[in-house]
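S.K.: predicted coordinates and the sequence they were generated for:
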Amino acid sequence: DAGVTQSPTHLIKTRGQQVTLRCSPKSGHDTVSWYQQALGQGPQFIFQYYEEEERQRGNFPDRFSGHQFPNYSSELNVNALLLGDSALYLCASSPDSNYGYTFGSGTRLTVV
Amino acid sequence: QKEVEQDPGPLSVPEGAIVSLNCTYSNSAFQYFMWYRQYSRKGPELLMYTYSSGNKEDGRFTAQVDKSSKYISLFIRDSQPSDSATYLCAMRTSGTYKYIFGTGTRLKVLA
């Protein structure tokens, strides 16, 4: 049973560019959350998607946007990249908000 | 003051020891608690998920929640070198879907 799959695993972008990260949730999971983890820090909540709608958003600027597709997969888009956006971006899925979250291995984004 | 506090470590223990990892928090409304293990450059792996107070055991792991003290613990019995990782706690209230994570405690189990 495949867990949460994220792509790509690594990415290097130039300041000002745009990036799209992808996530396939674990089978049977319909809720997808995105987190940003800076080096040496705990993950920070970006937003959560359920039924193709953004259900809740964390303290991230509008440059961060997302989408959930009918098959529950999700994308995270970041526009106008800043050096400070360099981090590990984690996707987590769950079958319901009252269950623990299963994380993917993440996409390591480096902005130069 | 951060909502969730964890000692960053590193915590070094000999193989076979019982490990105690802790988090304190300031928001008394937190109801859902999770513990994750994260190896270097990998995503977090869910170890324990608990709701409200009490204890929960799964194999070598025991999670405790003391809401009166705003304190949660993860105990690892018979620790192994493969347990060497960063341990993250996370928690949320019932009125939100956003989990607040601690910064993690680095554990080293010495063979």
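M.R.: Thanks, I have the structure now.
S.K.: let me know the helix or strand that residue 21 is in.
M.R.: If you meant another chain, say so; for now it's chain A. Here A:L21 sits within strand A:19-24, counting by DSSP states H and E.
S.K.: not quite, go with chain B.
M.R.: Using DSSP H and E, B:L21 maps to strand B:19-25.
S.K.: show me what counts as buried in that strand.
M.R.: B:19, B:21-25 (16 or more other Cβ atoms under 10 Å in any protein chain shown). The C-beta positions use only the backbone N, C-alpha and C, and glycine is treated the same way.
S.K.: picking up where we left off before, after the strand holding A:L21, next one along is what?
M.R.: Following strand A:19-24 in sequence order, the next helix or strand is strand A:31-37 (DSSP H and E).
S.K.: follow-up on the earlier one: looking at the buried residues of strand B:19-25, which one is closest to chain A?
M.R.: Comparing the buried residues of strand B:19-25 against chain A with Cβ to the nearest Cβ picks out B:C23 as the nearest, at 10.3 Å.
S.K.: residues from chain A in reach of chain B?
M.R.: For chain A, the residues in contact with chain B (Cβ under 8 Å from any Cβ of the partner chain) are A:4, A:6, A:33, A:35, A:40-45, A:48, A:55-56, A:58, A:88, A:90, A:97-106, A:108.
S.K.: in strands, which of those fall?
M.R.: A:6, A:33, A:35, A:44-45, A:48, A:55-56, A:88, A:90, A:102-103, A:108 (DSSP state E).
S.K.: export only the CA atoms of stretch B:20-39, formatted as CSV.
M.R.: Output of stretch B:20-39 as CSV, limited to C-alpha atoms (Å, rounded to 0.1, in the frame of the first residue of the first chain):
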residue,chain,number,x,y,z
SER,B,20,11.3,9.9,28.1
LEU,B,21,10.5,12.7,25.6
ASN,B,22,8.3,15.6,26.7
CYS,B,23,6.4,18.6,25.4
THR,B,24,4.8,21.5,27.3
TYR,B,25,2.1,23.7,25.9
SER,B,26,0.3,26.9,26.8
ASN,B,27,-3.1,26.5,25.2
SER,B,28,-5.4,24.5,27.5
ALA,B,29,-7.9,24.0,24.6
PHE,B,30,-5.6,21.5,22.9
GLN,B,31,-7.4,18.2,22.6
TYR,B,32,-5.6,16.2,19.9
PHE,B,33,-2.0,15.1,20.3
MET,B,34,0.5,13.3,18.0
TRP,B,35,4.0,12.1,18.2
TYR,B,36,6.2,11.8,15.2
ARG,B,37,9.7,10.4,14.5
GLN,B,38,11.7,12.1,11.8
TYR,B,39,14.9,10.8,10.4
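S.K.: close to chain A, is that stretch?
M.R.: Yes - using Cβ under 8 Å from any Cβ as the criterion, contacts between stretch B:20-39 and chain A involve B:32, B:34, B:36.
S.K.: so how far is A:I46 from the residue sitting nearest the centre point of chain A?
M.R.: In chain A, the centroid-proximal residue (Cα atoms, centre = their mean) is A:W34; its distance is 3.3 Å. Distance, A:W34 to A:I46, using Cβ to Cβ, to the nearest Å: 4 Å.
S.K.: pLDDT score for B:Y51?
M.R.: B:Y51 is assigned a predicted lDDT (pLDDT) of 88.
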